[in-house]
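Student: pasting a predicted model and its sequence here:
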Amino acid sequence: MFSGNYHHLIDSKGRVSVPSAFRDLVQVSGSSAVYLAPHPLSSPRFLEAYPLPAWQELQEKISKLPRFDPSVLKLEHFFLGQAHRCDFDNQGRMLVPPPLREWANLGKDVVFSGAADRFRLFDRQSWQQARDEAEAAFRADPALLSRLNL
């Protein structure tokens, strides 16, 4: 399970060092790559990184959806159509493709954030905004967790 958050820098070529805790979890799955995709509902914007087994499981679920449903088509265009496989290099870095960096407004300072079977990649300011909004939501509605059955 991916958890915690880690602050890193993207270099001028678009490479970022994947936190060793996250890299180790990906490699346990037998791969040294993740699929990066834009989250379709995110505000602020972020990228989701799926290890190969989680990506395959998600693709299988999507492939079972009604092929001609307009919502499914939109999901395929937006989510699957923009996803990229990102391999780790020998130094534990991955290249974040320029279209995804641009979409997520990734600057030099980024934050990796765990999300159970996947992790997320935020611009540092976007991460702070998302964290602050989540905290405010829990403070405004303490029963939120109980409604989530946690």
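Tutor: It's in.
Student: select the longest helix from the chain.
Tutor: helix 124-140 (DSSP state H).
Student: could you list the buried residues of that one?
Tutor: For helix 124-140, the buried set under the neighbour-count rule, 16 or more other Cβ atoms under 10 Å, comprises Arg124, Ser126, Trp127, Ala130. Yep, even glycine has a C-beta here, placed from its N, CA and C like the rest.
Student: let me know the closest of those residues to Leu25.
Tutor: Leu25 has its nearest neighbour among those in Trp127, at 19.7 Å by Cβ to Cβ.
Student: low-confidence ranges, this structure, go.
Tutor: 150 (pLDDT under 70).
Student: picking up where we left off before, helices and strands around the longest helix of the chain, which ones?
Tutor: Contact partners of helix 124-140 among helices and strands, from 3 or more Cβ pairs under 8 Å, 6 or more residues apart in numbering; DSSP states H and E: strand 109-115, helix 144-147.
Student: and if we set it to 6 Å?
Tutor: When contacts are defined as 3 or more Cβ pairs under 6 Å, 6 or more residues apart in numbering; DSSP states H and E, helix 124-140 sits against strand 109-115.
Student: Asp69: neighbouring residues, count only.
Tutor: For Asp69, the count of nearby residues is 10 (other Cβ atoms under 10 Å).
Student: how about Val26, secondary structure?
Tutor: helix (DSSP: H, G, I helix; E, B strand; the rest coil).
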